[in-house]
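Engineer: Model the structure of this input:
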Amino acid sequence: MSVAGEQENVSHTIVESGVADRDRPRDPVTAFGIGNVATGEGGLVTAEQQLGPKFADHRGRIDLPAIAVLFDHLGGLPFFASGPGGSPCVQARLSMAMQGHVDVSDRVTGSARLLMRDDGFGSTRVDIATSTGHLCCSGGARNVAVGRTFDADPTRERGVGVPPSGAHDGIHLPPAIEPGLTGRQIVEEIAAGVRPPGPIAELLNGSVALVEHERGAGVRFTARTEPWMGNVFGTMHGGVIAAIASLACSFAGQANAVAGADYQLGDLAIGFLRSPAVSGGDVVVEVVPVKIGRRIASVEATMHGSDGVLLSRAAADVLYR
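Structural biologist: Numbering: from 1, shown residues only. Below is the predicted model:
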């Protein structure tokens with residue numbers, strides 16, 4: 001892939017996916033433990049996701065990337081269900097804001113409702129709450145009507161019934177991170193293969209490289225596509241794109257953290273320009289720091305295909321505590 005700008009001091013490693021020895025998921029909904037999709041009064045659509053260690057990051061934490069597929073999937077369902085026989089759509093943009101902590105093995109519930117709809121566009125609000133009823137993520141999706149044919153109607157129940165609470169499929173959380181390490185050192189260890197990248201990175205066939213910039217540390221995150229990542233149109237599900245891009249932004253947040261700092265990916269706005277094929281090629285996310293502050297780091301991310309075609313752009317804020 002060709003990317004603009006010169007970059008120095010790049011270290012990387014290719015991470016062999018930890019899911020290679022297990023049965024491959026058949027679609028993003030199955031892969032991310034999403035089920036119990038239902039439509040209620042007024043077109044409200046709900047779904048549940050059973051989290052677990054397989055969706056944790058390198059810290060053993062559940063962060064925004066873990067619920068991106070649920071958010072995007074719900075973001076399109078009300079529009080899809082709004083017309084007779086179905087109204088196919090894609091999301092042009094997602095705006096996600098995390099509202100607090102999510103336990104590793106929590107069962108979260110998402111709800112989505114159309115705010116507006118016309119023949120060409122829609123706007124959908126999405127809220128995700130923990131099992132205790134605490135709102136943990138909120139935001140919106142911009143829907144765009146398309147004339148594509150599709151293999152399966154996503155407004156009907158897809159994927160799996162929600163797995164039993166606490167199921168972890170034999171996956172264990174990564175080892176604790178030593179508090180004396182800086183974020184840069186942590187990412188360098190992941191890039192060198194000394195430290196695991198986390199189960200969600202392995203699920204996405206991910207590898208990370210540290211990239212130095214004038215304003216701070218950036219990263220290059222590479223993910224190998226697979227057929228299970230596809231949507232009903234046969235290209236990559238928007239939630240998987242968002243998960244890959246947000247995970248890359250999370251690594252950039254880690255790379256700019258001082259020793260002992262905790263962080264969360266607080267906000268993500270991502271625009272989908274083209275949907276990648278899921279035929280085994282790589283997608284590459286370049287994350288560049290915009291401003292690194294003591295409390296907030298702002299970064300920008302671009303995703304390209306292996307042919308250099310721009311696929312998506314995102315902006316994210318990392319919150320330090």
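
Engineer: which element follows the helix or strand harbouring residue 108 toward the C-terminus?
Structural biologist: Secondary-structure assignment from DSSP states H and E places residue 108 in strand 107-117. Sequence order places strand 121-129 as the next helix or strand after strand 107-117, per DSSP H and E.

Engineer: other SSEs contacting that next one?
Structural biologist: When contacts are defined as 3 or more Cβ pairs under 8 Å, 6 or more residues apart in numbering; DSSP states H and E, strand 121-129 packs onto helix 64-80, strand 107-117, strand 135-145. Any C-beta I mention is one placed from the backbone N, CA and C, and that applies to glycine too.

Engineer: of all these, which gets the most neighbours per residue?
Structural biologist: Ranked by mean neighbour count, those are led by helix 64-80 with a mean of 27 (mean count of other Cβ atoms under 10 Å).

Engineer: Now do it against strand 107-117, angle only.
Structural biologist: Counting by axes from the mean of the first three to the mean of the last three Cα atoms, to 10 degrees, helix 64-80 points 40 degrees away from the direction of strand 107-117.

Engineer: quick one: buried residues of the helix or strand following helix 64-80?
Structural biologist: Heading C-terminal from helix 64-80, the first helix or strand you meet, by DSSP H and E, is strand 89-98. Using 16 or more other Cβ atoms under 10 Å as the test for burial, strand 89-98 gives 89-91, 93-96, 98.

Engineer: low-scoring pLDDT stretches of the stretch 151-300 of the chain, where are they?
Structural biologist: In the predicted model of the stretch 151-300 of the chain, residues 151-169 satisfy pLDDT under 70.

Engineer: Count the neighbours of residue 44 for me.
Structural biologist: Neighbours of residue 44 under the rule other Cβ atoms under 10 Å: 13.

Engineer: From residue 284, how far out is residue 214?
Structural biologist: Residue 214 sits 21 Å away from residue 284, taking Cβ to Cβ, to the nearest Å as the criterion.

Engineer: These two: which has the busier surroundings?
Structural biologist: Taking neighbours as other Cβ under 10 Å, residue 214 and residue 284 compare with residue 284 leading, 21 against 6.

Engineer: For my notes, confirm the more buried one occurs in a helix.
Structural biologist: No: in this structure, residue 284 is strand, not part of a helix, as judged by DSSP: H, G, I helix; E, B strand; the rest coil.

Engineer: what's next to stretch 276-287, contact-wise?
Structural biologist: For stretch 276-287, the external contacting residues (Cβ atoms under 8 Å, 6 or more residues apart in numbering) are 1, 3, 211, 218-230, 234-236, 241, 244-245, 248-249, 251-252, 299-306, 311.

Engineer: mind listing which of the residues you listed are in helices?
Structural biologist: Those of the contacts of stretch 276-287 mapping onto helices are 241, 244-245, 248-249, 251-252, per DSSP state H.

Engineer: which among the residues you listed end up buried?
Structural biologist: Buried among the ones in helices among the contacts of stretch 276-287 by 16+ other Cβ under 10 Å: 241, 244-245, 248-249, 251-252.

Engineer: could the residues you listed go into JSON lines alongside distance to residue 147?
Structural biologist: Putting those into JSON lines (distance: Cβ to Cβ, whole Å) gives the following:
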{"residue": "241", "distance to residue 147": "21"}
{"residue": "244", "distance to residue 147": "27"}
{"residue": "245", "distance to residue 147": "27"}
{"residue": "248", "distance to residue 147": "32"}
{"residue": "249", "distance to residue 147": "33"}
{"residue": "251", "distance to residue 147": "37"}
{"residue": "252", "distance to residue 147": "37"}
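
Engineer: which one of those residues sits closest to residue 58?
Structural biologist: residue 251 (8.0 Å; Cβ to Cβ).

Engineer: does the closest one really touch residue 209, like I thought?
Structural biologist: No: Residue 251 sits out of contact with residue 209 when judged by Cβ atoms under 8 Å, with a separation of 9.5 Å.

Engineer: list the residues that contact both of those two?
Structural biologist: Here residue 251 and residue 209 have 219, 221 as joint contacts, going by Cβ under 8 Å, 6+ apart.

Engineer: Please, where are all the strands along the stretch 151-300 of the chain?
Structural biologist: Per DSSP state E, counting those that start in this stretch, the stretch 151-300 of the chain carries strands over the ranges 206-213, 216-224, 263-272, 282-292, 296-305.

Engineer: Remind me what the last one packs against, helices and strands.
Structural biologist: This points to strand 296-305. If you count contacts as 3+ Cβ pairs under 8 Å, 6+ apart, strand 296-305 packs onto helix 238-255, strand 282-292, strand 310-320.
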